[in-house]
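Chemist: Make a model of this:
(2 chains)
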2 protein chains.
Amino acid sequence: MASLGEFDLIAKYFAPLTGPEGLGLLDDAALLLPPDGAELVMTADALVAGVHFRHDDPADLIARKALRVNLSDLAAKGAEPLGYLLTTAWPQNTAEDYIRLFSAGLGVDQVEFNIRLFGGDTVTTSGPTCLSITAVGHVPKGQMIRRKGSGIGDLVYVTGTVGDGALGLDHPEIGALNDRYLLPQPRLAIGRGLRGIASAAMDISDGLIADAGHLASASGVCIEINVDWVPLSRAAQELIDHDSSRLGRALCGGDDYELLFTVPSALPIKNATCIGQVTQGQGVKLLRGGQKVTALELGWGLGFGGWQHRLAT
Amino acid sequence: MASLGEFDLIAKYFAPLTGPEGLGLLDDAALLLPPDGAELVMTADALVAGVHFRHDDPADLIARKALRVNLSDLAAKGAEPLGYLLTTAWPQNTAEDYIRLFSAGLGVDQVEFNIRLFGGDTVTTSGPTCLSITAVGHVPKGQMIRRKGSGIGDLVYVTGTVGDGALGLDHPEIGALNDRYLLPQPRLAIGRGLRGIASAAMDISDGLIADAGHLASASGVCIEINVDWVPLSRAAQELIDHDSSRLGRALCGGDDYELLFTVPSALPIKNATCIGQVTQGQGVKLLRGGQKVTALELGWGLGFGGWQHRLAT
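Modeler: As a prediction, this is how the structure comes out:
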């Protein structure tokens, strides 16, 4: 791998990303004194080249996406991120410049999200790049937002716009969409603001409809979504106007990294769009113009099982 | 992958491995209230098929090795393990039985080491299996053993026997050695006993001599090792008696997962063998019959740069 060995790569590109907990990456371990009265929230996601990102995506954006999909999980918990551990398995012929760019991407997002590298490992593989990140955050004791807890009559909200990631994967020529595929926006501030307010929350990574199904299942309720209320970006709307079947792709496609959450109906909510309500029953019910519709009728041709992060190519 | 999807695999094989922190793997996050007055110790290691284990090693032993190399890092810190996050990237044709066996191996070691699965992720790869584990442990505040801190005149100790892992990789037909390659023994109890006693410690994963070099470098000292004092298993000794060059392999080969540590000379030490002392200078000095020798002279033909976990085949 590269012209530098494992230890040199770590010293040159990864040690500068650490804070005091990382001990300069000299100890093969991080030492963390958790904030007083806090509970720690930990989440881990793996990303594989050709599955979760394109082989030729820029290395700095791959790094930032790997970090952000984990931060998005913390956002859904209402957690404040502290740092992360990163293991990387690189193909043996990976150029040093590639790793330099990758680490630079991490550095950019560390500043943006005020986090530090705690530790990790660097190895080689005969296969595609495999990245694994464990993100660590904290919440005041007892305030983590769970995935279960939605009550009958709660309203259902989503942040941002839905479908841009999947449509960006399909249409890399449309910059506004491709950017959303490459660089998710973890909704950390919104997530923190939902502590004590949201009855349940999760981030949308497998597609709005599949993840609404996960939310419904966790609470043993039905989530009713008014398809016409789902917020779409202008670029997504234009694509759908040309080919209405793309609405199904937008709703089922995944890689949104927006927050989906439920709130008792009396509470006012900013920075999110109400898309439906929680009712008795199970699963997800889609409504359009007051009528029940299926994802299939909206153009989703690959079944109703949710996005599995497989690239179209 | 397998006949089950990602969510079914997680529910069937991994959710049963969680404790209260894992929230049944339903939340994409773990919630941990750190023990009172404790600092958390976190470490991450990745393992790739064909690099860190053989493609045809039994799945349960691969799982246990992945866990144990991380626990070994915690042992070197004097930490008590709590649990771990695991991400797995499986080849697409991985059989469900393989994953069942893998998770069963985790279950066996969870009982042995009193730890729980906190969370993780399951994905597929077009390449070889990639495993990544983040292990979480704790130490009383201020008591983590660092890799730096060795003082001039300290004695150098090692637990167990050295070289069995590398010789087991070379000689899978010798059960006692192959077992040591397949299943490291993290020295957690010894590590805990070294709090407040060892001036510095690390686990031996890259080979005794390379890792002694890391220890020396961290403290800015020289580590003098009397080669004749290095503890060898009977099986390793027999191999070396037949071919003395294998001594170099034993000392440089890696995959030992024993603890290497230094202690002020006045303190008595149990459960470990004194192999040398800390002197002024830098790097590692090898002595045999009072004379300075090189690793090359001991039969190490691949240079002095340390083990990189490459399989011989």
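Chemist: A:Gly168 contacts A:Tyr181, doesn't it?
Modeler: Yes: if you go by CB atoms under 8 Å, A:Gly168 and A:Tyr181 touch, sitting 3.2 Å apart. Every residue, glycine included, has its C-beta placed from N, CA and C.
Chemist: Assumed A:Arg147 was part of a strand.
Modeler: No: assessed by DSSP: H, G, I helix; E, B strand; the rest coil, A:Arg147 does not belong to a strand; its assignment is coil.
Chemist: can you tell me how far it sits from A:Ala75?
Modeler: According to CB to CB, to the nearest Å, A:Arg147 and A:Ala75 sit 13 Å apart.
Chemist: got it, and A:Ser233?
Modeler: 19 Å.
Chemist: quick one: pLDDT of the closest residue to chain B within the stretch 1-150 of chain A?
Modeler: Of all residues in the stretch 1-150 of chain A, A:Gly127 sits closest to chain B, at 1.1 Å by CB to the nearest CB. pLDDT, A:Gly127: 95.
Chemist: I'd assumed it was in a helix, is it?
Modeler: No: assessed with three-state DSSP, A:Gly127 is coil; it does not lie in a helix.
Chemist: residues touching A:Gly193, list them.
Modeler: A:Asn271 (CB atoms under 8 Å, 6 or more residues apart in numbering or on different chains).
Chemist: before we move on, back to that, in terms of contact, does the residue of the stretch 1-150 of chain A closest to chain B touch B:Trp90 like I think?
Modeler: No: counting by CB under 8 Å, A:Gly127 stays clear of B:Trp90, with 11.3 Å between them.
Chemist: Find residues that contact each of the two.
Modeler: B:Thr125.
Chemist: and whichever residue of the stretch 151-300 of chain A sits closest to chain B, helix, strand or coil?
Modeler: Closest to chain B within the stretch 151-300 of chain A is A:Ala218: 5.8 Å, counting by CB to the nearest CB. Three-state call for A:Ala218 (three-state DSSP): helix.
Chemist: ok, the spatially closest residue to it that is not a sequence neighbour to B:Ala272 distance?
Modeler: Nearest residue to A:Ala218 in three dimensions, chain neighbours excluded: A:Lys148, at 3.8 Å (CB to CB, 6 or more residues apart in numbering or on different chains). Using CB to CB, A:Lys148 is found at 49 Å from B:Ala272.
Chemist: Pick out whichever of the two has more residues nearby.
Modeler: B:Ala272 (23 against 19; other CB atoms under 10 Å in any protein chain shown).
Chemist: For the more buried one, list the residues it contacts.
Modeler: B:Ala272 touches B:157-159, B:190, B:259, B:261, counting by CB under 8 Å, 6+ apart.
Chemist: Tell me the one of those residues nearest chain A?
Modeler: Scanning those for proximity to chain A, where the rule is CB to the nearest CB, the winner is B:Leu259, at 12.4 Å.
Chemist: List the contacts of that closest one.
Modeler: Applying CB under 8 Å, 6+ apart, the residues near B:Leu259 are B:75-76, B:157-159, B:187, B:190-191, B:194, B:201-204, B:272.
Chemist: ok, which pair from these is furthest apart?
Modeler: Greatest spacing in those, by CB to CB: B:Leu194 and B:Ile204 (14.7 Å).
Chemist: care to break chain A down by domain?
Modeler: Domain assignment for chain A by automatic domain parsing gives A:6-140, A:155-293.
Chemist: Which stretch among those is buried most, on average?
Modeler: For these, the largest average neighbour count (mean count of other CB atoms under 10 Å in any protein chain shown) is found in domain A:6-140, namely a mean of 22.
Chemist: how far out from the middle of the chain is that one?
Modeler: 14 Å (CA atoms, centre = their mean, to the nearest Å).
Chemist: Close to chain B: what parts of the stretch 51-200 of chain A are there?
Modeler: Within the stretch 51-200 of chain A, the positions near chain B by CB under 8 Å from any CB of the partner chain are A:51-52, A:73-74, A:76-77, A:79, A:85-89, A:118-121, A:123-128, A:130, A:132, A:134, A:136, A:141, A:144, A:146-148.
Chemist: Which of the residues you listed fall in strands?
Modeler: A:85-89, A:118-121, A:123-125, A:130, A:132, A:134, A:136 (DSSP state E).
Chemist: what's the closest of those to B:Ala250?
Modeler: Distances from B:Ala250 to these, taken by CB to CB, are shortest for A:Val123, at 23.3 Å.
Chemist: give me the beta-bridge partners of that closest one?
Modeler: A:Ala89 (DSSP bridges).
Chemist: pretty sure it contacts A:Gln92?
Modeler: No: in this structure, A:Val123 is not within contact of A:Gln92 by CB under 8 Å, at 10.4 Å.
Chemist: ok so, going back, relative to B:Asp28, which of the ones in strands among the residues of the stretch 51-200 of chain A next to chain B is nearest.
Modeler: Nearest member of these to B:Asp28, counting by CB to CB, is A:Thr134, at 12.3 Å.
Chemist: if I look at that closest one, how far off is A:Leu74?
Modeler: From A:Thr134 to A:Leu74 the distance is 11 Å (CB to CB).
Chemist: what does A:Leu296 give?
Modeler: 34 Å.
Chemist: need the contact list for A:Glu103.
Modeler: No, residue A:103 isn't Glu; it's Ser. Contact partners of A:Ser103, counting by CB under 8 Å, 6+ apart, are A:13-14, A:16-17, A:63.
Chemist: Got the phi and psi for A:Cys297?
Modeler: Residue A:297: Glu, not Cys. phi -70, psi -20 (degrees, to the nearest 10).
Chemist: How about A:Leu9?
Modeler: phi -60, psi -40.
Chemist: in terms of contact, does it touch A:Asp121 like I think?
Modeler: No: using CB under 8 Å, A:Leu9 is not in contact with A:Asp121, being 11.4 Å away.
Chemist: Touching, A:Ala49 and A:Pro128? I think so.
Modeler: Yes: using CB under 8 Å, A:Ala49 is in contact with A:Pro128, at 3.8 Å.
Chemist: Mind listing the shared neighbours of the two?
Modeler: A:His55.
Chemist: Let me see the ranges of the strands in chain A.
Modeler: Under DSSP E, chain A gives strands at A:30-32, A:38-48, A:80-91, A:116-125, A:130-140, A:155-158, A:200-203, A:222-226, A:259-263, A:273-279, A:283-288, A:291-293.
Chemist: The fourth one versus strand B:130-140: what angle between them?
Modeler: Here the directions of strand A:116-125 and strand B:130-140 differ by 140 degrees (axes from the mean of the first three to the mean of the last three CA atoms, to 10 degrees).
Chemist: do the third one as well
Modeler: Taking the same axes, to 10 degrees, one finds that strand A:80-91 is oriented at 140 degrees with respect to strand B:130-140.
Chemist: could I have strand A:80-91 exported to CSV, CA atoms only?
Modeler: Taking C-alpha atoms only, strand A:80-91 is exported to CSV below (Å, rounded to 0.1, in the frame of the first residue of the first chain):
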residue,chain,number,x,y,z
GLU,A,80,-23.8,15.6,20.5
PRO,A,81,-20.8,14.0,18.7
LEU,A,82,-17.4,13.7,20.4
GLY,A,83,-15.3,11.7,18.0
TYR,A,84,-14.8,8.5,16.2
LEU,A,85,-12.6,5.5,15.6
LEU,A,86,-11.9,4.6,12.0
THR,A,87,-10.6,1.3,10.4
THR,A,88,-9.6,1.4,6.8
ALA,A,89,-8.9,-1.6,4.6
TRP,A,90,-7.2,-0.3,1.4
PRO,A,91,-6.4,-2.1,-1.8
